[in-house]
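Engineer: What shape does this take:
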Amino acid sequence: MKKYIYILCVLCITSLSLPYQGVLGACDTGSLEPVRYGERSEGVKTLQSCLIQMGYDIVAPTGYYGRQTANAVKGYYSTWYGAWNGMKLGPAGIAELQKRLTSSISTSSDFTKFSSEQEYKDYVKEAMGSNYYSYVGLGREMMMVDTSTVMPPTPTAAPMEEKVAERYSETNVQVLGIDEPDIVKNNGQTIFYKTDSYRTTVCPEGAMCIMGMRNESKVNLIKALPVENLSITSSITSDSYGENLLLDGNNLVVLGSKVKGYDVSDVANPAEKWSLELSEGARIVTARMYGGKIYLVTASYPDASICSVTPFKGMPGISCNEIYYPRRGTSIDSNYVVMSIDPTNGNITDKFSFLGSNDSSVIYMSDKGLYVAYGYNEDILSYYVSFLKGYASDLIPVQVVTRLDTIAQYDITNDSKWNEFQTELNKYYNSLDKDEALRVRNEFNNRLKDYSKSHYRDLEKTAIVKMDLGTLSITSNGNIPGRLLNQFSMDEYNGVLRVATTIGGGWNRFGVSAESVSDVYTLDTGLNILGSVKGLGATERIYSVRFLGNMGYVVTFRQVDPFYVLDLSDPLNPAQKGELKIPGYSSYLHPITDNQILGIGKEDSKVKISLFDVSSPSNPTEISKYSLDDYWTEIESNHHAFLIDKKHSIFFIPGSSGGYVFSYEGGNISLVKTLSGHGVKRALYIDDYMYMLGNDKITVFNENTWEKVKELELK
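Structural biologist: Below is the predicted model:
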């Protein structure tokens with residue numbers, strides 16, 4: 001059997017020190033704060049960066065509020081406030097600065113607002129029918145719809161003093177402190193678990209009916225402690241399935257066709273507090289919970305006859321002149337709305353809408369901002385003209401190239417421009433005699449293929465837009481070559497956004513199969529590229545990415561590739577430090593210790609678990625490996641299914657045959673407990689007990705002895 005090899009790129013990203021702070025000090029309007037003369041702070045540096053961006057005379061963002069900064073502030077205030085001594089920047093000055101800079105950024109961004117109803121309608125008609133460009137979209141996360149009602153609580157025993165957990169697990173998320181939707185939530189006392197069941201429709205004898213399955217789902221509110229009293233306290237029923245729970249204190253949010261908020265302070269009587277019903281055709285894409293807000297993304301099919309978008313029934317529509325669109329021509333199939341919602345009352349506090357596609361966009365959220373990344377192709381006609389000017393000037397007369405350049409600038413649809421472009425080229429070919437035409441065509445096509453192979457980064461791009469969490473307004477934007485895999489392809493740390501992309505790997509418009517490679521880019525707060533490591537894994541594509549503090553990891557896969565170690569301590573001059581060849585690939589990466597990374601994926605079609613020692617960048621090693629007699633684990637596509645308990649040095653993964661608990665103590669992976677059954681989905685811990693959750697049962701184990709201590713039937 002063919003052995004498959006993967007590349008694991010260990011990106012040793014050390015903290016950015018003072019020599020680079022001048023480079024990294026871009027204007028982030030969301031970080032502006034009141035500052036005054038004589039102060040030295042990051043707030044002053046941000047102010048200086050913003051004033052420099054506006055054209056005021058400040059040599060560099062030093063972080064010190066001196067005479068030069070005071071003069072710039074004085075000049076800035078004079079343009080809108082009047083006389084001001086420039087000795088401080090207050091709340092009013094910040095608000096005006098944010099307004100001006102956000103407006104400036106928005107109009108120059110790859111996202112821009114429609115100026116009129118007709119512009120919106122024309123754009124939607126053209127973009128939805130065009131094959132000219134690649135898609136932009138949010139196709140990697142999708143939440144199933146649901147309609148919920150509260151069931152009467154089941155009988156419970158007399159109230160007794162509640163046991164308080166000393167420790168408990170939460171959902172495995174990308175960014176600590178930013179919750180993501182999953183089928184289970186845990187607060188150390190109550191387990192909130194969404195289960196699905198199926199019933200066969202039974203037809204009376206002789207009746208004309210169709211036999212089938214009817215889905216039934218409910219959210220069980222389960223008393224977890226003490227373990228011997230494990231029981232269902234109450235439940236909320238629904239008619240669908242999927243990842244759709246968020247928990248913030250006593251606020252439980254159920255995401256579906258109706259987004260509902262419940263007060264669960266009394267778990268025996270969950271009280272519905274608010275409800276938002278999705279409009280017809282709208283769907284939930286993804287959500288986050290952070291800082292007492294729900295950040296929700298919905299999508300709906302664009303309608304060129306309606307100049308607004310309304311994600312929820314009864315909600316005022318977002319008019320088309322408030323909808324953003326990619327300025328670069330794209331095919332689109334979805335109208336997205338990003339909203340912030342108060343989980344206590346369902347009030348929508350801010351919203352942002354843009355057009356995109358259901359294919360290749362990614363949303364990532366840090367505690368500093370919300371990022372929307374979408375793939376696009378650079379203007380192919382301009383790309384073509386660049387080739388003609390630089391590589392085919394001896395084949396195509398200058399007057400023809402000039403004509404083609406003019407066509408590329410026409411204010412007509414992209415498909416129309418492309419048709420005129422081809423017509424003009426064919427006209428020139430037809431003017432040649434047969435022998436010369438044959439020579440020119442062959443030379444032209446071969447040179448174009450060579451050009452495409454060496455310039456594919458110029459054509460395939462990802463645009464990134466950053467939004468302020470407080471207002472959901474655009475604060476910065478940029479672009480990089482390639483396409484992202486998923487949310488783990490982006491990570492913000494110490495003011496630097498790290499992004500991993502794959503370029504090529506398919507047939508382009510010129511009939512060239514571009515060899516795929518992967519890159520890693522570092523970007524400042526203005527989303528300008530600082531540095532990069534290019535050309536990882538030739539002929540491969542990225543399978544998993546994880547950035548962790550000062551470290552980062554990228555897995556690419558096809559056949560035989562090295563395990564690369566990269567040092568990015570200098571974000572402007574990254575360097576490769578080591579490599580290791582190993583079989584298999586990892587679809588998910590998770591930190592075990594500062595120097596050990598766990599990889600979960602496959603080798604020879606079986607689930608494989610690898611433990612990597614990355615303490616020496618020049619000598620990475622696979623110190624332990626375990627191959628399961630199982631062909632699938634949900635963790636390959638859903639990181640929420642993973643659980644780690646560092647107190648006991650164990651981790652849990654669900655498989656097609658059951659649940660598995662492994663120890664990684666002493667740098668060795670060993671299987672310590674299994675629970676057979678196809679329905680094992682998740683595990684969590686409370687104190688020293690592990691709860692394995694299946695479709696119809698919860699099984700509890702003592703983590704000190706791994707003895708089974710309790711079972712709870714959910715049917």
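Engineer: so Pro583 touches Glu603, yeah?
Structural biologist: Yes. Assessed by CB atoms under 8 Å, Pro583 is found in contact with Glu603 at 5.3 Å. (Each C-beta comes from the backbone N, C-alpha and C, glycine too.)
Engineer: More neighbours: which of these two?
Structural biologist: Remark: of Pro583 and Glu603, Glu603 carries more neighbours, 21 against 15, as counted by other CB atoms under 10 Å.
Engineer: Now the nearest residue to that one once chain neighbours are set aside, what are its backbone angles?
Structural biologist: Once flanking residues are discounted, Glu603 sits nearest to Gly584: 3.2 Å by CB to CB, 6 or more residues apart in numbering. The phi and psi values for Gly584, taken as degrees, to the nearest 10, are phi 90, psi -170.
Engineer: Quick one: neighbours of Gly584, just the number.
Structural biologist: 23.
Engineer: Give me the phi and psi angles of Ala373.
Structural biologist: According to degrees, to the nearest 10, Ala373 has phi -120, psi 140.
Engineer: which ones are touching it?
Structural biologist: 361-364, 462-465, 484, 489-490, 499 (CB atoms under 8 Å, 6 or more residues apart in numbering).
Engineer: So which of these sit within strands?
Structural biologist: Among the contacts of Ala373, the residues falling in strands (DSSP state E) are 362-364, 462-465, 490, 499.
Engineer: Tell me the one among those nearest to Lys389.
Structural biologist: Of all the ones in strands among the contacts of Ala373, Lys389 sits closest to Ala463, with 25.5 Å by CB to CB.
Engineer: Specify the beta-bridge partners of that closest one.
Structural biologist: When bridges are called by DSSP bridges, Ala463 pairs up with Tyr374, Asn479.
Engineer: Check Thr522 too.
Structural biologist: Applying DSSP bridges, one finds that Thr522 bridges with Arg498, Gly531.
Engineer: And the pLDDT for the residue nearest to Glu603?
Structural biologist: pLDDT for Gly584: 84.
Engineer: domains of the chain?
Structural biologist: If you go by automatic domain parsing, the domain ranges for the chain are 18-108, 110-145+279-377+467-478, 170-277, 379-456.
Engineer: Give me the mean pLDDT for the longest one.
Structural biologist: Meaning domain 110-145+279-377+467-478. On average, the pLDDT along domain 110-145+279-377+467-478 is 82.
Engineer: Check stretch 620-634 too.
Structural biologist: Model confidence over stretch 620-634, given as mean pLDDT, is 94.
Engineer: Name the residues of it that are buried.
Structural biologist: Residues of stretch 620-634 classed as buried by neighbour count (16 or more other CB atoms under 10 Å): 620-622, 624-626, 628, 632-634.
Engineer: Which of the helices or strands spans the residue lying closest to Tyr56 once chain neighbours are set aside?
Structural biologist: In this structure, Tyr56 finds its nearest non-sequential neighbour in Ala72, 3.8 Å apart by CB to CB, 6+ apart. Taking DSSP states H and E as the definition, Ala72 sits inside helix 67-78.
Engineer: Pull the residues that contact that helix.
Structural biologist: 37, 44, 47-48, 51, 54, 56-59, 84-89, 93, 97.
Engineer: Buried only: go through the residues you listed for me.
Structural biologist: Buried members of those, scored by 16+ other CB under 10 Å, are 37, 44, 47-48, 51, 54, 56, 58, 84, 86, 88-89, 93, 97.
Engineer: Look up how far Gly346 lies from the most centrally placed residue in the chain.
Structural biologist: Central residue of the chain (CA atoms, centre = their mean): Gln487, 2.6 Å from the mean position. Computed as CB to CB, to the nearest Å, the Gln487 to Gly346 distance reads 26 Å.
Engineer: now Leu278
Structural biologist: Distance of Leu278 to Gly346, given as CB to CB: 13 Å.
Engineer: Need the overlap of contacts for these two.
Structural biologist: Val259.
Engineer: now the strands: where do they sit in the stretch 501-650 of the chain?
Structural biologist: For the stretch 501-650 of the chain, the strands defined by DSSP state E, counting those that start in this stretch cover 517-523, 529-536, 541-548, 551-557, 562-567, 575-583, 585-593, 596-603, 606-613, 621-627, 643-645, 650-654.
Engineer: Could you export the contacts of Ala373 as JSON lines, including distance to Glu166 and neighbour count?
Structural biologist: Below are the contacts of Ala373 laid out as JSON lines (distance: CB to CB, whole Å; neighbours: other CB atoms under 10 Å):
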{"residue": "Ser361", "distance to Glu166": "42", "neighbour count": "28"}
{"residue": "Val362", "distance to Glu166": "37", "neighbour count": "26"}
{"residue": "Ile363", "distance to Glu166": "35", "neighbour count": "23"}
{"residue": "Tyr364", "distance to Glu166": "33", "neighbour count": "25"}
{"residue": "Thr462", "distance to Glu166": "44", "neighbour count": "25"}
{"residue": "Ala463", "distance to Glu166": "47", "neighbour count": "23"}
{"residue": "Ile464", "distance to Glu166": "42", "neighbour count": "24"}
{"residue": "Val465", "distance to Glu166": "43", "neighbour count": "26"}
{"residue": "Leu484", "distance to Glu166": "39", "neighbour count": "25"}
{"residue": "Ser489", "distance to Glu166": "36", "neighbour count": "25"}
{"residue": "Met490", "distance to Glu166": "35", "neighbour count": "26"}
{"residue": "Val499", "distance to Glu166": "39", "neighbour count": "28"}
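Engineer: Fine by me, we can end here.
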